[in-house]
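Student: okay, predicted coordinates and the sequence, questions at the end:
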Amino acid sequence: MATQSKPHWTASPALAHLRTLSPDVCFQCNRCTAGCPLLPAMDLTPAQVVHHMLLGQWEPVLKSETIWACVHCETCTARCPQEVNVSELLQVARVLAWREGKVDPNHPMAGYFASFLENLYVYGRSAELPLTIICKLKSEDYFRDFMLGIRLIARGRLNFFSIPRGAATYRRLYERAAEKEAAGS
Ligand code: SF4
Ligand code: SF4
């Protein structure tokens, strides 16, 4: 049987959503799983993640590849007949896994996740050039995806020269959210 470990309860809306769900809300129809485009990269299906979380079995979820493979496209959430917000549950599991040290800090997606959050804090929104530089420096893998990057720039999907403004305003929002979370924990 999977180990049960309680995460820190925070003011996260996803955890609040989880607390409103009864364990039998999910009848394992697998509609969420069937629609997931990232399923081949997952070790637990979205339906299995929901099943574990509803039973309070956090350990297998927090150690899974699934929480790092998910791109939060919300297809699973849209397909669930029981209105389980699967995507948001995966997102909160990712945050908890990071906070509780359940993931190797050298995990490529976990590393990207940490850099992305730092980037948001500094610039307010995603700033693609600094984020790319930081990720490349951390991974020391300078040329991987080089051609993909060139193609994205050519199609206007990456704008290295747009640095977001108004970071201080966003930072105050983040700090207020952190204060609210600390007060609700
Ligand atoms: S679609 Fe909803 S009810 Fe069906 S398995 Fe997924 S979470 Fe459970
Ligand atoms: S949100 Fe994540 S789990 Fe859900 S369908 Fe998209 S990639 Fe799959």
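Tutor: Arrived safely, thanks for sending. From a predicted model like this one, the values you see are computed outputs, not experimental measurements. Residues are numbered from 1 along each chain as shown. Ligands and ions are numbered 1, 2, ... in the order given.

Student: output the lowest mean pLDDT helix or strand found in this protein.
Tutor: helix 13-20 (a mean of 77; mean pLDDT, DSSP states H and E).

Student: neighbours around the spatially closest residue to L15 that is not a sequence neighbour, how many?
Tutor: The shortest distance from L15 to any non-neighbouring residue, by CB to CB, 6 or more residues apart in numbering, is to V92 (5.8 Å). Backbone N, C-alpha and C define where each C-beta goes, glycine included. Here the number of neighbours of V92 (other CB atoms under 10 Å) works out to 21.

Student: leaving out chain neighbours, which residue sits closest to A93?
Tutor: I67 (4.6 Å).

Student: helix or strand: which one has the one you found?
Tutor: helix 66-69 (DSSP states H and E).

Student: contacts for that helix next, please.
Tutor: Applying CB atoms under 8 Å, 6 or more residues apart in numbering, the contact partners of helix 66-69 are 38, 41-46, 49, 61, 90, 93-94, 97, 103, 107, 109-110, 113.

Student: hang on, the earlier thing: need the pLDDT of the residue nearest to L15.
Tutor: In this model, V92 is scored at 88, pLDDT.

Student: packing partners for the helix or strand encompassing it?
Tutor: Following DSSP H and E, one finds V92 within helix 86-99. For helix 86-99, the packing partners by 3 or more CB pairs under 8 Å, 6 or more residues apart in numbering; DSSP states H and E come out as helix 13-20, helix 46-54, helix 58-62, helix 66-69, helix 75-79, helix 108-123.

Student: quick one: the last one near ligand 2?
Tutor: No - Helix 108-123 stays clear of ligand 2 (CB under 6 Å from any ligand atom), getting no nearer than 12.3 Å.

Student: after that helix, which helix or strand is next?
Tutor: Defined by DSSP H and E, the subsequent element after helix 108-123 is helix 128-139.

Student: what average pLDDT does whichever helix or strand comes after that next one get?
Tutor: Counting by DSSP H and E, the next helix or strand C-terminal to helix 128-139 is helix 146-154. In this model, helix 146-154 carries a mean pLDDT of 86.

Student: please name every helix or strand in contact with the next helix or strand after helix 146-154.
Tutor: Toward the C-terminus, helix 146-154 is succeeded by helix 167-184 as the next helix or strand (DSSP H and E). Judged by 3+ CB pairs under 8 Å, 6+ apart, the packing partners of helix 167-184 are helix 108-123.

Student: and the helix it packs on with helix 86-99, angle?
Tutor: Interaxial angle, helix 108-123 versus helix 86-99 (axes from the mean of the first three to the mean of the last three CA atoms, to 10 degrees): 90 degrees.

Student: what helices and strands are in contact with helix 108-123?
Tutor: For helix 108-123, where contacts count as 3+ CB pairs under 8 Å, 6+ apart, the packed elements are helix 66-69, helix 86-99, helix 128-139, helix 167-184.
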